[in-house]
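Novice: after the sequence you'll find the predicted model.
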Amino acid sequence: MDAQFLIELETLAEVLDQLDYFGVLKVPQTASPGEIKAAYYRESRAYHPDRYATVESADLREMIGRIYRRVNEAYTVLRDDRKRTKYLADVTGPEREKKLRFTEADEAQVKEAQKRKIEEQFGQTPNGRKFYAAALKEIEGQRWDAAERALKSALMYEAGNPKFKELLAQVQAEYEKVRPKGDYRIK
Amino acid sequence: MNDDIAVGIDLGTSYSCVAVVQEDGAAPAVLPNEWGERTHASVVSFLDDGTVLVGNDAKKNIITNAENTIYSAKRLIGRFFFSDEVKKAQSVMPYRILEGPNNSVRLGVKEKVFAVPEISALVLKEMKAIAETSLGREVKKAVITCPAYFNDNQRQATKDAGRIAGLEVLRIINEPTAAALAYGFGKDINQKICVYDLGGGTFDVSILEIGKDVFEVLSTAGDTYLGGDDFDDRIMAWLADDFLARHGLDLRQNKYCLQMLKEASEQAKIQVGREGAAAIDVQGICQSPEGQVLNLEQKLSGDHFNRMVMDLVQRTFKVCDEALQSARLTAGDVDAVILVGGPTRLPIIRNSVRHYFQRDPMTGIDPDEVVALGAAIQGRALLSTRAAEYGQASYLLDVTPLTLRVATVGGFTEPIIDKNTPIPIEKSKTFTTSRDGQDRVRIRVYQGESKQADACELLGEFEFTGFRIGYRGEVQIQVTFEIDSNGIVNVSATDLETGQKTSTTINLSSGLSETDLQKAIDDNAAVELARAQHTA
């Protein structure tokens, strides 16, 4: 292995953690899929560990291994449209330094977002959710009085839930339309 | 310039083959044994005189020395004792299959108990001996192949087998990748190819893109429970049921009759493939309770055989669908199809492949030898410092076939590294302690596509210690999962605060410990291989 290449290797190893995947593959952020693949093949010919299997120094082999694992990591993300789009957003945004190594939308973040969505839609407490689900069924069958009762029960558990309140108002409006007038109702 | 040499060994379920590239610039060549045989049955027979017979002659002993003759060990290597494959083998194999520590498998022969890699190591010892006799020199290094769909346990066990046989295993490479390498090496090819590899016990499909000297695996899929042996089983079942109907005796109940039935079925399969029809004739296969000697006589037509095995053939194309889908290609995008494995000689396979890909499979490739040739090329590549000068550089960009996962709560798993990710690769994940004063963190690592842990393959439980002890959630441990070029998983951890590596212990692994391995190496070295008795 000549001295020039050795210097290149050591330099690359040193800056590796500051490069984003485009830098690792030495392609512009606008590279086409064909260009990404060609770059991957080019970098593989240069840094594939098999080529250096006979190198004596274990440290040197480990350095090359570390570089090439990053090349594979870069290719895995950049060749996938969805991941590439997200990655580009990550590394052009304010948190660039932290996002040089790709992770799927933080699992924690995804879980939080999903949980929030469900809570908004269906309630935050088990009983609130139960009565809300029952109310939806009654609404489907146009049984407005039953739906009203269910929603009022739901609100007992979650007085502040805006969705419940909104739906209750709608149900009450519907019920007004069809309520038999003139009978005695216990309020 | 060194004269170091590495052989390529195709360690097959039914047959093995050894090849070598003798020097930079040379073509790969299969090394025959002293009788001129180029492939050797992966059968190990323990003889009464204490020697071990391996190869085509040992095959006969499957009937005559059934309890002491082990075949198809590859079906068991790296598997857990309670797996379906092992249970099935226990019911049909004439040799003893026992439970070992940590749900591993052991094989009992005479008074000895062997781990499965020890048996495969005897096949490798024979391959090593064949190579050494043919080359007239010592052979210490090898590249050994395995099915692309083998999991980490199976790969590690294969590597162990190499070590036990006294070989330095330079690499474990995937069989379809090896075949692609043999096909495209030294030619100026730019193509997308499909390798359809139907062996004795396993089926693999790999889709590769070849760019001159770069062999990129786009995707791989497989079925490690599907092979030529299953085609034999269909014939066996038909013959046994027919015999039962005629004579009221079930040949499958007696292990000797079963072996004769098995051999007759295998011959019938080959004959029907070659000639379009087969005549089965086993005189004196068994005796009735009244003492009457019974014969097994039947005729099998090509059409009947095809109907019998059609569902197996269809299963292979489901796997092809999966591989193409992962590679985001259609069958029409494939420029060339390569058939690997003896069973691909069957007309039903060739015709189905032609129909599926709308093109004829490549000819001029020996399906029994191409994998060993590819392994030999890779062996030279790993030893050579000057391959590029001879226009013989090659870069195998392979992938991991199964998703690597970590157990979470409730019996579920989360993915760490997806299947079909190019290797070598690493991925890190931060874990923390869940209790105050916790001094060890344990994670269970799996491979598979299911979110349920019990539908995946357990690789082991990794325990990390030696980090700072603190309140729960305080200590951050970064666990790095690395998959190396062999497709083997390595797990290590660092205390993020100090940057210090933690100490790692592996529990629940079904593999051999270093002590076991050392003992197995010594035992294997002491084994004397029997020389086959050949009458010229």
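Specialist: Looks like it arrived, so ask away.

Novice: which residues sit in contact with residue 73?
Specialist: Reading this off chain A. Counting by C-beta atoms under 8 Å, 6 or more residues apart in numbering or on different chains, A:E73 touches A:Y21, A:V24, A:R101, A:F102, B:I425, B:E426. The way it works is simple: take the backbone N, C-alpha and C, and place the C-beta from them, glycine included.

Novice: sorry, I should have been clearer: chain B.
Specialist: Shown in contact with B:A73 (C-beta under 8 Å, 6+ apart): B:S42, B:V44, B:L107, B:V116, B:I119, B:S120, B:V123.

Novice: and which of those residues is nearest to A:L78?
Specialist: Distances from A:L78 to those, taken as C-beta to C-beta, are shortest for B:S120 (39.9 Å).

Novice: before we move on, what SS does that closest one have?
Specialist: Of the three states, B:S120 takes helix under DSSP: H, G, I helix; E, B strand; the rest coil.

Novice: tell me, how many residues neighbour it?
Specialist: By other C-beta atoms under 10 Å in any protein chain shown, the residues close to B:S120 number 29.

Novice: am I right that it is in contact with B:L76?
Specialist: No. Contact criterion C-beta atoms under 8 Å: B:S120 and B:L76 do not qualify, at 9.4 Å.

Novice: shouldn't B:V441 be within a strand?
Specialist: Yes. Assessed with three-state DSSP, B:V441 lies in a strand.

Novice: that one - how many residues pack around it?
Specialist: 19.

Novice: let's verify B:E414: helix, strand, or coil?
Specialist: Following three-state DSSP, the label given to B:E414 is strand.

Novice: check the gap between the closest residue to it other than its chain neighbours and B:E168 for me.
Specialist: The shortest distance from B:E414 to any non-neighbouring residue, by C-beta to C-beta, 6 or more residues apart in numbering or on different chains, is to B:T408 (5.3 Å). Distance of B:T408 to B:E168, computed by C-beta to C-beta, to the nearest Å: 39 Å.

Novice: how about the contacts of A:E73 in JSON lines, adding secondary structure, neighbour count and distance to B:L226?
Specialist: Converted to JSON lines, the contacts of A:E73 look like this (DSSP: H, G, I helix; E, B strand; the rest coil; neighbours: other C-beta atoms under 10 Å in any protein chain shown; distance: C-beta to C-beta, whole Å):
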{"residue": "A:Y21", "secondary structure": "helix", "neighbour count": "25", "distance to B:L226": "38"}
{"residue": "A:V24", "secondary structure": "helix", "neighbour count": "22", "distance to B:L226": "39"}
{"residue": "A:R101", "secondary structure": "coil", "neighbour count": "17", "distance to B:L226": "38"}
{"residue": "A:F102", "secondary structure": "coil", "neighbour count": "20", "distance to B:L226": "35"}
{"residue": "B:I425", "secondary structure": "strand", "neighbour count": "23", "distance to B:L226": "28"}
{"residue": "B:E426", "secondary structure": "strand", "neighbour count": "20", "distance to B:L226": "32"}
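
Novice: closest to B:L517 among these?
Specialist: Nearest to B:L517 among these is B:E426, at 25.8 Å by C-beta to C-beta.

Novice: re earlier: of all the contacts of A:E73, which comes closest to B:V309?
Specialist: When these are ranked by distance to B:V309 (C-beta to C-beta), B:I425 comes first, at 38.0 Å.

Novice: confidence score at the closest residue to the closest one other than its chain neighbours?
Specialist: Nearest non-adjacent residue to B:I425, counting by C-beta to C-beta, 6+ apart: A:N72, 4.9 Å away. pLDDT for A:N72: 98.

Novice: so what touches the helix or strand encompassing B:K427?
Specialist: Following DSSP states H and E, one finds B:K427 within strand B:425-432. Here strand B:425-432 makes contact (C-beta under 8 Å, 6+ apart) with A:69, A:72-73, A:76, A:101, B:400, B:404, B:406, B:416-417, B:441, B:443, B:472-483, B:493, B:496.

Novice: quick one: low-confidence ranges for chain A?
Specialist: Residue ranges of chain A with pLDDT under 70: A:105-122, A:183-187.

Novice: then the longest helix seen in it to CSV, C-alphas only?
Specialist: Ranked by number of residues, the top helix in chain A under DSSP state H is helix A:58-78. Only the C-alpha atoms of helix A:58-78 are listed here, as CSV (Å, rounded to 0.1, in the frame of the first residue of the first chain):
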residue,chain,number,x,y,z
ALA,A,58,-4.7,-5.2,12.5
ASP,A,59,-5.2,-1.5,13.3
LEU,A,60,-5.0,-0.6,9.7
ARG,A,61,-7.5,-3.3,8.7
GLU,A,62,-9.8,-2.1,11.5
MET,A,63,-9.6,1.4,10.2
ILE,A,64,-10.5,0.3,6.7
GLY,A,65,-13.3,-1.8,8.1
ARG,A,66,-14.7,1.2,10.0
ILE,A,67,-14.6,3.3,6.8
TYR,A,68,-16.3,0.7,4.7
ARG,A,69,-19.0,0.0,7.2
ARG,A,70,-19.8,3.7,6.9
VAL,A,71,-19.9,3.5,3.1
ASN,A,72,-22.4,0.7,3.3
GLU,A,73,-24.5,2.7,5.8
ALA,A,74,-24.5,5.7,3.5
TYR,A,75,-25.5,3.6,0.5
THR,A,76,-28.3,1.8,2.5
VAL,A,77,-29.9,5.2,3.3
LEU,A,78,-29.3,7.1,0.1
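
Novice: close to chain B, is the helix or strand that that helix is followed by?
Specialist: Next helix or strand after helix A:58-78 toward the C-terminus (DSSP H and E): helix A:81-92. No. Counting by C-beta under 8 Å from any C-beta of the partner chain, chain B has no neighbours in helix A:81-92; the shortest distance is 10.2 Å.

Novice: buried residues in helix A:81-92?
Specialist: Under the neighbour-count criterion of 16 or more other C-beta atoms under 10 Å in any protein chain shown, helix A:81-92 has A:R84, A:K86, A:Y87, A:L88, A:D90, A:V91 buried.

Novice: again, but for stretch B:443-457
Specialist: For stretch B:443-457, a neighbour-count test (16+ other C-beta under 10 Å) marks B:I443, B:R444, B:V445, B:Y446, B:Q447, B:G448, B:A453, B:C456, B:E457 as buried.

Novice: how about the contacts made by the residue of the stretch 51-200 of chain B at minimum distance from chain A?
Specialist: Residue nearest to chain A within the stretch 51-200 of chain B: B:L170 (7.2 Å; C-beta to the nearest C-beta). Contacts for B:L170 (C-beta under 8 Å, 6+ apart) come out as A:A53, B:A6, B:K141, B:A142, B:V143, B:G379, B:L382, B:L383.
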